[in-house]
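> Whatever this is, show me its structure:
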Amino acid sequence: MQGTVDGFGYGVVTPVASYLIACLGSALGLRCVVRSLNNRQSWKPGWLALGAATIGCGIWTMHFVAMVGFRIQGIQIDYDAGLTVLSLVVAVAVVGVGVFAVGYRGATATTLTAAGIFTGLGVAAMHYVGMAAIHLNGSLEYDSLTVGASVLIAVAAATAALWAAASYRGFLAALGASLLMGVALTGMHYTGMAALGVRLHGATDASYITGMNGDASPASVLLPMLIGPVVFLILAGVVVMFDPQLVLGDGDWSRATPRRRRATAALPERPAHPPHTGSLFDPRDQRAGRHTTPRGR
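Next comes the predicted model:
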């Protein structure tokens, strides 16, 4: 017997919420990756790890916020906590591999392609591991062609995210990349859900009437698990927005050094100061072409 699947139990609330969370995770993660690439004085491993964690948490949270609205008519749905947490680990780990590859090997076509494919397959794996966490009095079935389409969307989204992280400049470009990433990620999720069919078992098990968690609804089961990742995304936003120099590196302050050096060079020289300032060993001064030797030599 085929079950009637409804992925919009709360109307447009869950799709809109999942899209906004996907955009938030993408925006914060891409910002972290860009800072690691553009600021050589920053702590690259820290920024890349934070970027991978925020993108991975954003993808995972998007998936399960959307699943809050998932219903199968007439039966109770429960979630296995172990597999649900495993899907979060998978999301963060595979995004981390792609982010670190681009961060350390550069945005070459080969690196972006390989990292995008690996990360996209991992994102798809996260989706289907999360779906495997569903417990119900029946079995899940998938249409192969639609599953393949969802995997292709995941690969394209991952490649686009990595390319944007290594290439875009400016706030508007970052905003546009995040909005497109949100569309791609939620599109991948709902394409995967369109592939789903449910075959109900004939016998009714009492554990599925009340659910393994008593009379708890899917929302009451999932929402407590979503608290941690959502709080993490908020904290990551605080790190990115409020003086990240104090947390993980030099931030954007290093970009102001050329202007400060030009302003300093315009000031009149003071004879009382020694001609050698010790900047001979400062690689930033060497790149700027600043000479520290006394005049006349």
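> contact partners of stretch 15-24?
Contacting residues not belonging to stretch 15-24 are listed as 8, 58-59, 61-63, 65-66, 69, 178-179, 181-183, 185-186, 189-190, 230, 233, 237 [Cβ atoms under 8 Å, 6 or more residues apart in numbering]. For the C-beta atoms, the positions are set from N, CA and C on the backbone; glycine is no exception.
> for stretch 223-240, same thing?
By Cβ under 8 Å, 6+ apart, the surrounding residues in contact with stretch 223-240 are 21, 24-25, 28, 31-32, 50, 53-54, 57-58, 60-61, 64-65, 68, 79, 81, 84-85, 88, 247-248.
> Filter the residues you listed down to just the buried residues.
21, 24-25, 28, 31-32, 50, 53-54, 57-58, 60-61, 64-65, 68, 79, 84, 88, 248 (16 or more other Cβ atoms under 10 Å).
> Do you have the helices of this protein handy? List them.
Listed in chain order, the helices of the chain (DSSP state H) span 13-38, 44-67, 81-105, 109-132, 144-167, 171-194, 206-210, 218-241, 257-266, 283-288.
> of all those helices, which lies closest to Q2?
For those, proximity to Q2 was assessed by Cβ to Cβ; helix 171-194 is nearest, at 15.1 Å.
> so where is the stretch 151-297 of the chain shaky, pLDDT-wise?
Flagging of the stretch 151-297 of the chain using pLDDT under 70 yields the residue ranges 168-171, 202-218, 243-297.
> same thing but 80
For the stretch 151-297 of the chain, residues meeting the criterion pLDDT under 80 lie at 161, 164-175, 201-224, 240-297.
> burial of the closest residue to G138 other than its chain neighbours, as a residue count?
The shortest distance from G138 to any residue other than its chain neighbours is 4.1 Å, reached at L200 (Cβ to Cβ, 6 or more residues apart in numbering). Neighbour count of L200, defined by other Cβ atoms under 10 Å: 19.
> Would you check that L200 makes contact with G3?
Yes. Taking Cβ atoms under 8 Å as the definition, L200 is a contact partner of G3 at 4.8 Å.
> what is in contact with those two at once?
Here L200 and G3 have G74, I75, G138 as joint contacts, going by Cβ under 8 Å, 6+ apart.
> picking that back up, report the buried members of the contacts of stretch 15-24.
58-59, 61-63, 65-66, 69, 178, 181-182, 185-186, 189, 230, 233, 237.
> Quick check: the residue nearest in space to the middle of the chain vs M181, distance?
What sits nearest the mean C-alpha location of the chain, by Cα atoms, centre = their mean, is I55, with 0.8 Å. From I55 across to M181, the span is 9 Å (Cβ to Cβ, to the nearest Å).
> what do those two both touch?
S26, L30, A161.
> In the residues you listed, which residue is surrounded by the most others?
Of these, with other Cβ under 10 Å as the count, A161 tops at 31 neighbours.
> Pull the contacting residues for that one.
By Cβ under 8 Å, 6+ apart, the contact list for A161 reads S26, G29, L30, I55, T119, A177, M181.
> Return the residues in contact with the nearest residue to the second one once chain neighbours are set aside.
For G29, ignoring the flanking residues on the chain, the nearest one in space by Cβ to Cβ, 6+ apart is I55 at 3.4 Å. When contacts are counted by Cβ under 8 Å, 6+ apart, I55 is found next to G25, S26, L28, G29, L30, V95, V99, A161.
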